[in-house]
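[1] Need a 3D model of the sequence below.
(2 chains)
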Amino acid sequence: MQLVLEKRAERSNTIALISPLIAIGLTIVTMVILFAILGKNPLLALHAYFIAPLTDGYSLQEIAVKATPLVMIAIGLSLCYLANAWNIGAEGQFLVGAVAGSWIAVKTQGSDAGAWVLPAMLVLAAAAGALYALIPAICKVKFGASEILTSLMLVYVADLFLDYLVRGPWRDPNGFNFPTTAEFDPVATVPLLIEGGRLHLGSIIALLVVAAAAILLGRTIKGFEIRVVGAAPRAARFGGFNANQLVILTFAVSGALAGLAGIIEVAGPVGHLQPGVSPGYGFTAIIVAFLGRLNPLGILIAGLFLALTFIGGEQAQIAMKIPLDVTKVFQGILLFYVLACDSLILYRFKLVFPSRQVTRGAG
Amino acid sequence: MELVEAIILAVLAASTPLLIAATGELVTERSGVLNLGVEGMMIVGAACGFGGAWLTGSIFIGALFGIVAGTLMSLIFALMALGLAVNQVATGLALTILGVGLSGLIGAGFVGERITPAVHLHIPGLTDIPLVGRVLFGEDGFVYFSVALVIGVWWFLYRTRAGLILRACGDNHVSAHALGYPVLRIRTFAVMFGGACAGLAGAYLPLAYTPFFIPGMTAGRGWIALALVVFSSWRPGRLVVGAYLFGAVTILQLHAQGWGVGIPSQFMSALPYLATVIVLVLLSRARTGGSTAPAALGTVFVPDR
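    Alright, predicted model coming up:
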């Protein structure tokens, strides 16, 4: 007996819609087993992960705050992946955006700079993220170098550069020798939406990005080009679409969004530049993009869901001493199940019995 | 002279995990499968390898733990990318994300612990020969194994029938299938071999390179190993050259810090990563006359019946 895949005549739309739900269900079953192995009560753990964060206002705001960078980065990545360009260095583009924007904040610190500071920071961060993403894009288009490897290598470079700045030239002299810049001035800080709360303007920007991506992909020729180049490269060539140009474009947009997310995170919830400013947002956003089926609205929902796992993970650590790495394992397993369920959209599983038995039965 | 010897020893040690992991991935890619999860398999190999050695006190058993862990990780990949025909790039990324989490979880109990690292060979007389003695006859077992491994893989790929069939699967899976070769089974074995090597390469780090485990200790070496396979044009001989060159860059960076060159340490640390980007660009550029990559690399194969 053997399990084989049989290609469906056409992709199954029903399964395309429910596959993320199946994936989440399977992940939860796997997590229950993992919790049991770790000697924790699975029901209590699931409650801490998925229910407790939804029950108070502070946690709900915190979920939106965490979802903001994830959604922004994942929207950019989804454009790349749709065009078959593999940007996996969003983490680096995020950090470079954070650094570039912080430069203005650090230079204007304590001066009477006006309200132009924050908008300038956002613009510069987006530009820096885009330029940083253009390095692997141009290396791919001009020289054929694998964008997967080059974009990833640049993550380590960006990480080390940030580390150098906050330990060296930008270190806060009153920071007790911690590697961090001084707290940003109020004009260099992303404003809060609710006085005394956690929700900030960045979440609105993320929603605008989702809307813009939905319009781009659903209503414009450029969006159509992106989807055709990714899904049917040959047809795209006949249609006269330039795949190289789209690699450059999608990488630049994706880098800009990651850079913007970077400065919003630093000038918003964190308030200063320091190492470890991203708990791997750039990588988690890859999961968000796939879980959201590379669809803007899907990404918004997926981003909120993964933010829930971050917050739930913290609560489970505090309440039940469950290690934080469980959240990462959870996210990894989730990505596997999402991809596996995607296979069901194109293929049907079939059990095949060895042909010898079949002939004997027939004859 | 002492310094030259010390540098060569350090370069060999830094190159060994790259060489082992890249050799495994080379076999995987030659069968037509692109497994981007090397970093994830390595880091789980590091955690399990250290755990095994710490629990049993045996470096050998630690190495076995690393191999088994890497192989198990690669089986998840094989199930997804070969069994379910999922996109190989995405599956490889998933494997790395999962591996980083798993290694943190497994290794949490060992952080701060120390073990006695792998012993170095000592042959009285031979090892004491100035300059070449310690380089040739004073390494740890992993170094010798890595050289034997790459020679063995060369012999297998180019001198055996099985190697020829494996390469055929990587270049044209449709023809290989039509000739009656079990493409998916061959690829599964190639993926498992790659996983075993990545697990061992990861285990090398806490068992021989440093005597302790820290989360994230692979620090992108799995990705550099992937770049090395491209660098080698999928040939074992060039892989050795590439691995030792990269080992040398890593050590150059460490020594430059020691010599007090007035460059911030972070810039020197960025050197291996920048070197990888530059090498990839130069090589891809030189190779405009046609790619040397296995023709079916990264493509999905679902046998029809």
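
[2] can you pull out the helices in the chain?
    Because you didn't say which chain, this covers chain A. Secondary structure of chain A (DSSP state H): helices located at A:13-37, A:42-46, A:57-82, A:90-107, A:117-143, A:147-167, A:201-219, A:221-231, A:233-238, A:243-265, A:281-291, A:296-320, A:325-346, A:355-362.

[3] oops, I was thinking of chain B
    B:2-30, B:38-56, B:59-78, B:88-107, B:132-137, B:141-159, B:161-171, B:173-178, B:183-204, B:221-231, B:236-258, B:265-269, B:271-286.

[4] any idea which of those helices is most buried?
    helix B:38-56 (a mean of 29; mean count of other Cβ atoms under 10 Å in any protein chain shown). For every residue, glycine as well, the C-beta is placed using N, CA and C.

[5] now residue A:346: how far from residue A:19?
    11 Å (Cβ to Cβ, to the nearest Å).

[6] More neighbours: which of these two?
    residue A:19 (22 against 18; other Cβ atoms under 10 Å in any protein chain shown).

[7] interface residues of the stretch 101-250 of chain B facing chain A?
    B:101-102, B:104-105, B:108, B:219-220, B:223, B:226-227, B:230 (Cβ under 8 Å from any Cβ of the partner chain).

[8] cutoff 7 Å now
    B:101-102, B:104-105, B:108, B:220, B:223, B:226-227, B:230 (Cβ under 7 Å from any Cβ of the partner chain).

[9] can I get the helices of chain A in JSON lines with mean pLDDT and distance to chain B?
    Putting those into JSON lines (pLDDT from 0 to 100; distance: least, Cβ to the nearest Cβ, whole Å) gives the following:
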{"stretch": "helix A:13-37", "mean pLDDT": "89", "distance to chain B": "9"}
{"stretch": "helix A:42-46", "mean pLDDT": "92", "distance to chain B": "14"}
{"stretch": "helix A:57-82", "mean pLDDT": "95", "distance to chain B": "8"}
{"stretch": "helix A:90-107", "mean pLDDT": "96", "distance to chain B": "10"}
{"stretch": "helix A:117-143", "mean pLDDT": "96", "distance to chain B": "4"}
{"stretch": "helix A:147-167", "mean pLDDT": "94", "distance to chain B": "4"}
{"stretch": "helix A:201-219", "mean pLDDT": "95", "distance to chain B": "19"}
{"stretch": "helix A:221-231", "mean pLDDT": "87", "distance to chain B": "12"}
{"stretch": "helix A:233-238", "mean pLDDT": "83", "distance to chain B": "13"}
{"stretch": "helix A:243-265", "mean pLDDT": "96", "distance to chain B": "14"}
{"stretch": "helix A:281-291", "mean pLDDT": "93", "distance to chain B": "6"}
{"stretch": "helix A:296-320", "mean pLDDT": "93", "distance to chain B": "11"}
{"stretch": "helix A:325-346", "mean pLDDT": "88", "distance to chain B": "3"}
{"stretch": "helix A:355-362", "mean pLDDT": "45", "distance to chain B": "9"}
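
[10] I'd like those laid out as CSV, including distance to residue A:193.
    Shown next, in CSV, are those (distance: least, Cβ to Cβ, whole Å):
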stretch, distance to residue A:193
helix A:13-37, 29
helix A:42-46, 31
helix A:57-82, 9
helix A:90-107, 20
helix A:117-143, 15
helix A:147-167, 28
helix A:201-219, 7
helix A:221-231, 30
helix A:233-238, 42
helix A:243-265, 13
helix A:281-291, 20
helix A:296-320, 16
helix A:325-346, 26
helix A:355-362, 65
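
[11] Point out the one among these that comes closest to residue B:302.
    Nearest of those to residue B:302, taken as Cβ to Cβ: helix A:325-346 at 9.4 Å.

[12] Return the angle between stretch directions for the closest one and helix A:281-291.
    30 degrees (axes from the mean of the first three to the mean of the last three Cα atoms, to 10 degrees).

[13] send the alpha carbons of helix A:325-346 over as CSV?
    Presented in CSV, the C-alpha positions along helix A:325-346 are these (Å, rounded to 0.1, in the frame of the first residue of the first chain):
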residue,chain,number,x,y,z
ASP,A,325,11.1,28.9,22.4
VAL,A,326,7.9,26.9,22.4
THR,A,327,6.4,29.8,20.5
LYS,A,328,9.0,29.5,17.8
VAL,A,329,8.5,25.8,17.6
PHE,A,330,4.8,26.5,17.3
GLN,A,331,5.3,29.0,14.5
GLY,A,332,7.6,26.6,12.6
ILE,A,333,5.2,23.7,12.9
LEU,A,334,2.4,26.0,11.8
LEU,A,335,4.3,26.9,8.6
PHE,A,336,4.8,23.2,7.9
TYR,A,337,1.1,22.4,8.2
VAL,A,338,0.2,25.5,6.1
LEU,A,339,2.5,24.3,3.3
ALA,A,340,1.3,20.7,3.6
CYS,A,341,-2.3,21.8,3.4
ASP,A,342,-1.5,23.9,0.3
SER,A,343,-0.5,20.6,-1.4
LEU,A,344,-4.2,19.6,-1.0
ILE,A,345,-5.3,22.5,-3.2
LEU,A,346,-3.4,21.1,-6.2
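
[14] That one - contacts with which helices or strands?
    When contacts are defined as 3 or more Cβ pairs under 7 Å, 6 or more residues apart in numbering or on different chains; DSSP states H and E, helix A:325-346 packs onto helix A:13-37, helix A:281-291, helix A:296-320, helix B:88-107.

[15] now the residues of the stretch 101-250 of chain B next to chain A in TSV, with distance to residue A:15 and pLDDT?
    Supplementary listing: these in TSV, determined by distance: Cβ to Cβ, whole Å; pLDDT from 0 to 100:
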residue	distance to residue A:15	pLDDT
B:101	28	92
B:102	29	94
B:104	33	91
B:105	32	91
B:108	38	86
B:220	37	90
B:223	33	93
B:226	32	93
B:227	37	90
B:230	36	88
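
[16] ok, which pair from those is furthest apart?
    B:108 and B:230 (34.4 Å).

[17] For residue A:178, see how far away the closest residue to chain A within the stretch 101-250 of chain B is.
    Across the stretch 101-250 of chain B, no residue is closer to chain A than residue B:101, which sits at 2.9 Å (Cβ to the nearest Cβ). Per Cβ to Cβ, residue B:101 is found 27 Å from residue A:178.
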